[in-house]
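Enquirer: next comes the sequence, and after it the predicted model I'd like to discuss.
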Amino acid sequence: AGTTHLPEDGALAARIVQPVGDPDLAFVTKIESELTADGQHQGVLIEQDAAEWLRFEVYSGGGGVNAFLGSTSGGVTTPVFDAPIAATAPYFLRTIRTGDDFVFGWSDDGVVWNELPVQTQALAVAQVGLYAGNSGAAPAHTASFDWVEDLAEPLVTEDGPFSGSGPFTLTTVVSPLAAE
């Protein structure tokens, strides 16, 4: 087994984040990578700081795909939702925040959404982003995020002819030197 790379393990998870000014927000990301082995994770982070944040993801576990929502407070992550889902790549993850209320949903077509119950958590959101990780036997995993869409400013052309239009790839690898 290798080293686990998840957000609650400090800086070990591969991630891309963008600073935000504590706004209400609504965004969707399209994840193109299939989950092929137990312990592969890919999703979104909503962070106040290193000790207070929310994580919403799809991951492989128990031979299938699962949706997970974790709430981290005081540096301790508590599962809010963790269940098998009927979904295949591409995966669409949606996040909507109004005040302290967050609604997370997943879809396999970007049209019909499966929503979790409202999660209320007081966060002074400082950044949002994407991450890829691994756990358990720690299989190497490459997550491919095609796009992130701000629902207040929808994409006109999905893969438009502009610089930096993606897809973006995050990779975790198992290091043979890691003996943690």
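Expert: Sure, I can see it.
Enquirer: quick check, pLDDT for the most centrally placed residue in the chain.
Expert: Closest to where the C-alpha atoms of the chain average out (CA atoms, centre = their mean) is Gly43, at 1.4 Å. Gly43 is assigned a pLDDT of 95 by the prediction.
Enquirer: partners of it in the sheet?
Expert: In this structure, Gly43 bridges to Glu57, Tyr131 when assessed by DSSP bridges.
Enquirer: also Gln127?
Expert: Taking DSSP bridges as the rule, Gln127 bridges to Pro19, Glu47.
Enquirer: identify the residues contacting it.
Expert: Gln127 makes contact with Val17, Gln18, Pro19, Val20, Leu45, Glu47, according to CB atoms under 8 Å, 6 or more residues apart in numbering. All C-beta spots, glycine's among them, are computed from the backbone N, C-alpha and C.
Enquirer: just the buried subset of these, please.
Expert: In the contacts of Gln127, burial by neighbour count holds for Leu45, Glu47, counting by 16 or more other CB atoms under 10 Å.
Enquirer: how about the contacts made by Glu32?
Expert: Under the criterion of CB under 8 Å, 6+ apart, the neighbours of Glu32 are Ala89, Pro90, Ser144, Phe145, Asp146, Pro167.
Enquirer: rank those residues by pLDDT and give me only the lowest.
Expert: The weakest per-residue confidence within those falls on Pro167 (65).
Enquirer: quick one: low-confidence ranges for this protein?
Expert: 1-2, 8-12, 138, 157-180 (pLDDT under 70).
Enquirer: where's the closest residue in space to Gly129 that isn't next to it in sequence, which helix or strand?
Expert: Taking CB to CB, 6 or more residues apart in numbering as the measure, Gly129 lies nearest to Val17, with 3.1 Å between them; neighbours along the chain are not counted. For Val17, the host element (DSSP states H and E) is strand 14-19.
Enquirer: alright, that wraps it up for me.
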